[in-house]
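[1] Just to be clear, the model below is a prediction. Sequence and coordinates:
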Amino acid sequence: MKRLFRGKRKLVAAPLAVLAFAGVAFAAWTLLNVTGQGGVKGGTLANPTIAATFSGVQGITPGNSGDVGLAINNPNGAMVLTHLAPNVGGNGDTSACPALSIKDTTGLTIAVPAGASTVIVPNGAQMASSAPTSCQNAQISLGVVADFSTP
């Protein structure tokens, strides 16, 4: 009778030992809801630079409004162009077409990504109905003042 149980003990003990070692080998420890503090620092915004671009801008005809092309270099993260107005006293050289001007355009929500991009402001310029023929095909850089905000 002793012989009969001796073999069975080995059969039962061997799988239990394997399971015990497997549980130890694959055990993972978990820590939940650990609290602490993270450092946060407020940044500053730098002024984007704006230059005229004629890429993607359609020609304006006398008595109508048209788009304004802006080449913007934004050193910040994403911004939103909210307002475009003429830069009084810095309105560029309008001698070729004195009838062309920038409109004061408010309520804009034009996305301006970080880095260099081209932005088109719809109907941001106007041409007087009395425009001379010298305005035909003229590419005029007009001074602008722009407002930006964070999204």
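    Arrived safely, thanks for sending.
[2] rest of the way, CA atoms for contacts and neighbours
    Will do.
[3] What segments of the chain are strands?
    49-52, 65-74, 79-86, 100-102, 105-112, 115-127, 144-149 (DSSP state E).
[4] In contact with the closest residue in space to residue 80 that isn't next to it in sequence, which residues?
    Among residues not flanking residue 80 along the chain, residue 111 sits closest, at 4.7 Å (Cα to Cα, 6 or more residues apart in numbering). Residues in contact with residue 111 (Cα atoms under 8 Å, 6 or more residues apart in numbering) are 78, 79, 80, 81.
[5] Do you know the pLDDT at the first one?
    Translated: residue 78. Per-residue pLDDT puts residue 78 at 96.
[6] How many neighbouring residues does the closest residue to it other than its chain neighbours have?
    Distance criterion Cα to Cα, 6+ apart; nearest residue to residue 78, sequence neighbours excluded, is residue 113 at 4.5 Å. Residues near residue 113, counting by other Cα atoms under 10 Å, number 18.
[7] returning to that earlier point: which members of the contacts of residue 111 are classed as buried?
    Among the contacts of residue 111, those classed as buried by 16 or more other Cα atoms under 10 Å are 79, 80, 81.
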